[in-house]
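> Show me how the following folds:
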Amino acid sequence: MKGLVYGGLAVLLLTTASAAMSEETTRVQAELAQSEASSMIFNFTAPIITNSGVLGSTHFIRIAVIGMTLKDLQVSLPKQMDRFDGLRVIDQSGKEVSSKISLSKERVEIVFDKPVAPGGYLQLEFSGIRMVSPRNGTLFYGVTGQRVGLSGEIPVGTATIQLPERG
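Next comes the predicted model:
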């Protein structure tokens, strides 16, 4: 008789535990499916702009070098920019990247002495910027690049820089 009671209790306990575990598993699976549907996965195969902004009087544009070796970069200057005093190109370790920089009225071309391999980032730092209208606003720098072995420019992106309000 004791065996029958203990056996019945064991079956009841297993049934209850199985149902509770099954319900928890179903809930976790539903949450996982929902989070997978709402999350975005990016797989970049070309250089992209990852950050841009103002540091003091310097405008910076950070470019992740992904998927291809870069031979050069071209930057379209904002129409509100009158001129700038200098342009530095640094890598992820903070070292200056050796390059030749040429400037026209609306565009800067940066030709690297040695092509930049993928796997790091470049930061362009424009210093001593003079604006046509020094008020607050938004500046847009269009950036393109050229890959080793291909002709033609590859769009990298548009760096947006919000100018701080001046009091």
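
> And the residue nearest the centre of the chain, its phi and psi?
Nearest to the mean C-alpha position of the chain, counting by CA atoms, centre = their mean, stands residue 50 at 2.8 Å. Main-chain torsions, residue 50, degrees, to the nearest 10: phi -100, psi -20.

> That one: what's it in contact with?
62-64, 121 (CB atoms under 8 Å, 6 or more residues apart in numbering). The C-beta positions use only the backbone N, C-alpha and C, and glycine is treated the same way.

> Same question for residue 124.
60-61, 63, 73, 75, 87-89, 110.

> Would you map out the domains in the chain?
Structural domains annotated on the chain: 1-41, 48-163, as defined by automatic domain parsing.

> mind giving me TSV with the ones you listed and columns for mean pLDDT?
Shown next, in TSV, are the domains of the chain (pLDDT from 0 to 100):
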stretch	mean pLDDT
domain 1-41	54
domain 48-163	93
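
> Could you single out the most deeply buried of those?
Using mean count of other CB atoms under 10 Å, the stretch among the domains of the chain with the largest mean neighbour count is domain 48-163, at a mean of 15.

> ends of that one, how far apart?
Length of domain 48-163, first residue to last, CA to CA, to the nearest Å: 22 Å.

> Tell me which stretches of this protein form strands.
Here the chain has its strands, by DSSP state E, at 48-55, 58-65, 70-76, 81-83, 86-91, 99-103, 107-116, 120-127, 130-131, 137-147, 154-163.

> What strands flank the last one, and is each parallel or antiparallel?
In the sheet containing strand 154-163, the strands it pairs with under DSSP bridges are strand 137-147 (antiparallel).

> now the strand it pairs with, how far from the chain's geometric center?
14 Å (CA atoms, centre = their mean, to the nearest Å).

> Run through who's touching it.
Strand 137-147 has contacts (CB under 8 Å, 6+ apart) with 47, 49, 52, 59, 61, 63, 68-78, 80-81, 152-163.

> again with stretch 157-167
Contacts for stretch 157-167 (CB under 8 Å, 6+ apart): 48-49, 52-54, 59, 61, 78, 131, 134-143.
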